[in-house]
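A.B. asks: Sharing a model prediction with you, sequence too.
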Amino acid sequence: MGLEEYLALWCGAFGTVALVGYGRSLAGLTPAQRAVRVMGRIERVREPRHGSSQRDGIPVVVSFQDPSTGQEFTVTNDADHGERITAAWTGREVGVRYPRGRPHAYQFVGDLWAGRRGLGWPNFAVFLIYAGLVVFAAIDWGWPWALIGFGGPWTVSGMFYLPQNARVVNRRIDALTSQPPVPGRVIAVLTDTSTDADGDTMTSSTPVITFTTHEGTSVIAYCPDGRPDPVKSHGRDVTIHYSPDDPAVFTPDLAAESRSRSLDTAFSVVALLLGVAAVVVGVVLL
Amino acid sequence: MTITTSAPPTRSTPVALALGFLTGGVIGASPAAFVVGCVIESVPLCVAGVGLPVVYGLLFLLAGAPRRAREAAVVPRIALAVVESREAVGGEATSDVAVRFDLTVAPDDVPAYRVAFTQNINLTDLPDYRQGVVVVVQYPPDRPWRVRIVKRPTPEWEDRAADARLDSAPGPVLVSESPEGCGVGFVTLLGLLLAAAGVVLLFRADLFDGDASDKPPPSSSSPSPSSSSSSSSSSSTVVSSAYGTVALGPNQSFLTNGELRRAVGLLTKGTDSRAALTVVVKDRLLSIVYAPTGSTATTFDPDSPPYDRFPALVEEARSGLGVGSPQTWQLTVERLTGSLTVRVGVTGPDGAASLEANGQGKVVRRTPVH
């Protein structure tokens, strides 16, 4: 079999996957489209135990109603129930998704409507077809086509991402600085120890903070990375800047946010330039 | 919905054994095919080595999908349970430890029963599961041995557990995992070894005998001094851009029916048709001299001479031209005069003689001993 036959086989296989996926999505038959998506409400929040694991998220009790039967369910975020809840307060809304007729298989989701069309696998299949075509072009026509083939989409996506990301970061910092900060405290440090294949032990520490907003909402949340010496931070007082629209958006270190913004922009620009350079070099070498 | 409770599955059923053998076979055949494919430079074999586990994994997933869907549709049952005993069985180096629990589970609507299972528990949570403590558990009603402690029960069940006093149930203890039978492990290993050996044996000829003959010679447009060779007890083959030879082992002869055709096939297999200047057969040696790039000499396709007629031509030259015996002979194919010519020269104690045949193997000239 020659290279063309392998390419045809590759494109045929993944093209079939993509067509079946898009067809199922158009017909509304994907599991993502058939899933029930409801908004749940946090009824109770419990402080995590100092020294326990951060894997299961902040212990919460959530209630939600099945829209088809009207039945009310009260559940907890025990193991294997979707996304980890890292910021919680009584009354906070959390997304709950489950297969139709199976509310016991509930999953917590941050964005309730993400992936609602179920196009993840077909899109991935299309990407693999594109990658196959680029590899074929690189082998058959010359390797500079690999630079053009991969650098082009990289550059285009970077051009969309860069301004969008800058807007999101600016909005976040504007929200964090829109009102005076509130005092907070580290109420626990969660510790996870694991061993790698060589038997080396790795320990990660996650501080948990609590703060009360100006509106009187008591928030318990995992502290973002970057706190100095998180292991010894238990009981430490912190100053919290938060977004009035969503207290889950907060920071104990406003200066670090600005530094992070600069670093993020620099990385994005470098990544974009790499894409442009790849395309230019590819075109020149053709 | 009627829920039927079945017994815990055992692992050494014929199906499990067959599945273990098949899985071992795929694990063994896949890397073996990939490595053999790389060695003999066979792209289809390399692709098969990579594709086999992917296809097997997909089939495995598809085959198990109905069972998983059936199990996922079952609403788990929540119940109270009392810890009879617990024992750490592994994972001490991490923050989670594997704990072997022995519980009495007391569902509301069926009799209490004992069950043993293993679950990972965080070290800081371990005091919550002391002997005699009432905990909340969850299990599928059709598989009551698959019990899991609910670490974060709902407030309702938390209150029930706090107020409950449970008695121990008598045995026997349901075991969530049946003891690992060595049968499955053995057949898996057997399948792995057999499949790996099978792949190697299947391609042994290419791996050990004919890898040089399978290898396409370097492009005729760029003659290279490099050559490849292989040998075995029966024959040895040398191929380069300029020539190809096959030397037979002792007790073999190119005059055996089909032997010449097979030897020529070894030299030309897997290559583009290359023009030959001369084909020479002498005793147990076959040589093909290829035309260099840009040559204006008259050439011919090395597959075109009438090889099936060669033994008869040699025999006629040896017996019909009066050279006596013992003899030596040499057969040469060329196209110097425009048409394909087969010339058999033979020498013996009485002198030298030759015989000439055309492209169809028909004798056109005899030059006997003078």
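C.D. replies: All right, it came through fine. A quick note: this is a predicted structure, and the numbers were derived from the prediction, not measured.

A.B. asks: measure the residue positioned nearest the centre of chain A to A:A221 for me?
C.D. replies: Computing the C-alpha centroid of chain A and ranking residues by CA atoms, centre = their mean puts A:G110 first, at 8.4 Å. With distances taken as CB to CB, to the nearest Å, A:G110 is found 14 Å from A:A221. Where you see a C-beta, it was placed from the backbone N, CA and C, and this is true even at glycine.

A.B. asks: roughly how far apart are the residue nearest to the centre of chain A and A:V45?
C.D. replies: 17 Å.

A.B. asks: right, is the helix or strand in which B:Y56 is found up against chain A?
C.D. replies: B:Y56 is part of helix B:43-73, with elements assigned from DSSP states H and E. Yes. Using CB under 8 Å from any CB of the partner chain, helix B:43-73 reaches chain A at B:V43, B:P44, B:V47, B:A72, B:A73.

A.B. asks: Contacts only, for the closest residue to the last one other than its chain neighbours.
C.D. replies: Beyond its immediate neighbours in the sequence, the residue positioned closest to B:A73 (CB to CB, 6 or more residues apart in numbering or on different chains) is A:R102, lying 6.5 Å away. Contacts were defined as CB atoms under 8 Å, 6 or more residues apart in numbering or on different chains; by that measure A:R102 touches B:A72, B:A73, B:V75.

A.B. asks: Show the buried residues in those.
C.D. replies: With burial judged by 16 or more other CB atoms under 10 Å in any protein chain shown, the buried subset of those is empty.

A.B. asks: average pLDDT for stretch A:74-92?
C.D. replies: Averaging pLDDT along stretch A:74-92 yields 91.

A.B. asks: Pull the distance from that stretch to the chain's centre.
C.D. replies: 16 Å (CA atoms, centre = their mean, to the nearest Å).

A.B. asks: Which helix or strand contains the residue in the stretch 151-286 of chain A positioned nearest to chain B?
C.D. replies: Per CB to the nearest CB, A:T193 is where the stretch 151-286 of chain A lies closest to chain B, at 4.2 Å. Secondary structure assignment for A:T193, by DSSP H and E: strand A:182-195.

A.B. asks: Would you list the strands that that strand pairs with, along with their directions?
C.D. replies: Applying DSSP bridges, strand A:182-195 is found paired with strand A:201-212 (antiparallel), strand A:237-242 (antiparallel).

A.B. asks: Make CSV from those and add distance to A:A278, mean pLDDT and mean neighbour count to it.
C.D. replies: Formatted as CSV, the strands paired with strand A:182-195 follow (distance: least, CB to CB, whole Å; pLDDT from 0 to 100; neighbours: other CB atoms under 10 Å in any protein chain shown):
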stretch, distance to A:A278, mean pLDDT, mean neighbour count
strand A:201-212, 35, 91, 18
strand A:237-242, 39, 92, 19
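
A.B. asks: Could you pull up phi and psi at A:D264?
C.D. replies: phi -60, psi -40 (degrees, to the nearest 10).

A.B. asks: residue contacts, it?
C.D. replies: By CB under 8 Å, 6+ apart, the neighbours of A:D264 are A:N165, A:V169.

A.B. asks: Specify the local secondary structure of B:V279.
C.D. replies: strand (DSSP: H, G, I helix; E, B strand; the rest coil).

A.B. asks: In space, what's closest to it - neighbours in sequence excluded?
C.D. replies: Per CB to CB, 6+ apart, closest to B:V279 is B:V333, 4.1 Å.

A.B. asks: Local confidence estimate at B:R148?
C.D. replies: At B:R148, the pLDDT value in this model is 93.

A.B. asks: Quick check, pLDDT for the nearest residue to it once chain neighbours are set aside.
C.D. replies: Sequence neighbours aside, B:Q138 is the residue nearest to B:R148 in space, at 5.4 Å (criterion: CB to CB, 6+ apart). The model reports B:Q138 with a pLDDT of 93.

A.B. asks: Now do the SS call for B:Q138.
C.D. replies: strand.
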